[in-house]
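> Could you look at this predicted model? Sequence included:
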Amino acid sequence: MRAAWVTAAGGAVAALAWGEWLNWRWSRTLVGKDSDSGSEAVVVLGYRNPHPSINVVNRWRVRAGLRSVASDSARDTQVIFSGGAAGGGPAEARLMADYAKSVLGFDGRVLIEDQSRTTWENITNVIPLLEGADRIKIASQPAHGLKARAYLRRQRPDLAERLVPADDYRPGEWAVLKPLLALYGLWMLRGLEADELRGLEADERKLSRADTR
């Protein structure tokens, strides 16, 4: 009986470690090193929100987006909330913007993109708002953020060169759920083409080598 408990505990620890590692890896893929200079745009992606009040996922994404704002460039930062209406409810972007201002007290520059229904549309519709930014951050769950960055690379590779990490991964945050988020992330990323996945791996190796120099 004791051996079974030890085995179960070991499996749980391994699952937690795997979830942490995979979410960390996704958060650091397809991004360059943040120089903390120049103007920045922080894109916060919405999650389906069919009810009038903002859900827990969107509340967390707002917090992740706001903590991604570089403290020394707040005046040169625009936070873009992106997401349309789902199931007849209010637009996700407007719920998130209201939460950022009225609950979290954010008083920086906010832009709203409230027409998108898919991640692809999120990226398509925010591109005109990103043109003048020197650094671009996309805040969401790590797998979703990676998917959005891959879509930006497909649509506008020149803008994708400006991608830097958002603060949407922290060790231990959502720790118990990280294995489930990792499994869901693998399912979410299944639609990326094989050659694109190989490109992601190549980019990750290149960035890793650059960080060690």
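Done, it's in.

> so how far is stretch 64-73 off the chain centroid?
In this view, stretch 64-73 has its centroid 13 Å away from the chain centroid, taken as CA atoms, centre = their mean, to the nearest Å.

> cool, and stretch 171-188?
Its chain's C-alpha centre and that of stretch 171-188 lie 13 Å apart, by CA atoms, centre = their mean.

> show me the contacts for Ala86.
Shown in contact with Ala86 (CB atoms under 8 Å, 6 or more residues apart in numbering): 48-50, 92, 117. The C-beta positions use only the backbone N, C-alpha and C, and glycine is treated the same way.

> Repeat the analysis, applying 10 Å as the threshold.
Counting by CB atoms under 10 Å, 6 or more residues apart in numbering, Ala86 touches 46-51, 92, 117.

> Buried ones among the residues you listed?
Listed as buried from these are 46-47, 49, 92; burial here means 16 or more other CB atoms under 10 Å.

> which one of those residues sits closest to Arg190?
The closest of the buried ones among the contacts of Ala86 to Arg190 turns out to be Tyr47 (CB to CB; 18.8 Å).

> ok, now how distant is that closest one from Gly89?
12 Å (CB to CB, to the nearest Å).

> which residues are common contacts for those two?
Counting by CB under 10 Å, 6+ apart, the residues touching both Tyr47 and Gly89 are Asn55.

> hey, C-alpha coordinates of the helix or strand that contains His144 in CSV?
According to DSSP states H and E, His144 maps onto helix 142-155. The C-alpha coordinates for helix 142-155 follow below in CSV (Å, rounded to 0.1, in the frame of the first residue of the first chain):
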residue,chain,number,x,y,z
PRO,A,142,1.0,30.2,-22.7
ALA,A,143,-0.2,27.8,-25.4
HIS,A,144,-2.8,30.3,-26.7
GLY,A,145,-0.2,33.0,-26.7
LEU,A,146,2.1,30.8,-28.8
LYS,A,147,-0.6,30.1,-31.2
ALA,A,148,-1.3,33.8,-31.6
ARG,A,149,2.4,34.6,-32.1
ALA,A,150,2.5,31.9,-34.8
TYR,A,151,-0.4,33.5,-36.5
LEU,A,152,1.3,36.9,-36.4
ARG,A,153,4.3,35.3,-38.0
ARG,A,154,2.1,33.9,-40.8
GLN,A,155,0.3,37.2,-41.4
